[in-house]
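Peer 1: coordinates only, sequence not included:
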């Protein structure tokens, strides 16, 4: 016998979760969660697998990337010369320092 699937839905914003919640993590409203049975076949998305062939590191060609200086020499050094347009860099500090 197959296990019945359930989903928990927020009646305020419609957020869905596989686990019950007392306060909705999206709209922060309390006691808006209700259980809903999922019926029918679960729609599995077909995933197209792309074949990727590995290459040797020595075969990678260098690209000329324009970097923008942050004005902090140590940070520029850590970033490899500065920030790259269109990139995302997460910078963390020491715990307790704000």
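Peer 2: Looks like it arrived, so ask away. All figures in this text were calculated on a predicted structure; none of them were measured in a lab. Numbering: from 1, shown residues only.
Peer 1: all helices in the protein, in order from the N-terminus.
Peer 2: Using DSSP state H, the helices of the chain run over 73-78.
Peer 1: in this structure, which segments are predicted with low confidence?
Peer 2: Applying pLDDT under 70 to the chain flags residues 1-4, 40-48, 96-98.
Peer 1: Can you report how many residues neighbour the residue lying closest to residue 15 once chain neighbours are set aside?
Peer 2: Distances taken as CB to CB, 6 or more residues apart in numbering place residue 26 nearest to residue 15, at 4.2 Å, with adjacent residues excluded. The C-beta positions use only the backbone N, C-alpha and C, and glycine is treated the same way. Residues lying near residue 26 (other CB atoms under 10 Å) number 14.
Peer 1: repeat for the one 3 residues further on
Peer 2: Here the number of neighbours of residue 29 (other CB under 10 Å) works out to 14.
Peer 1: same question, residue 27
Peer 2: 12.
Peer 1: ok, residues contacting stretch 22-31?
Peer 2: Contacts to stretch 22-31, defined as CB atoms under 8 Å, 6 or more residues apart in numbering, come from residues 10, 12-13, 15, 17, 32-33.
Peer 1: and what of stretch 65-83?
Peer 2: So stretch 65-83 is in contact with 84-85, 89, 91, going by CB under 8 Å, 6+ apart.
Peer 1: now, the most widely separated pair of those residues?
Peer 2: 85 and 91 (16.8 Å; CB to CB).
Peer 1: and the gap between the residue nearest to residue 15 and residue 14?
Peer 2: 9 Å (CB to CB, to the nearest Å).
Peer 1: At the geometric centre of the protein, which residue do we find?
Peer 2: residue 88 (12.8 Å; CA atoms, centre = their mean).
Peer 1: For residue 62, see how far away that one is.
Peer 2: Taking CB to CB, one finds residue 88 at 22 Å from residue 62.
Peer 1: same deal with residue 94?
Peer 2: 34 Å.
Peer 1: cool, and residue 23?
Peer 2: Counting by CB to CB - residue 23 and residue 62 are separated by 51 Å.
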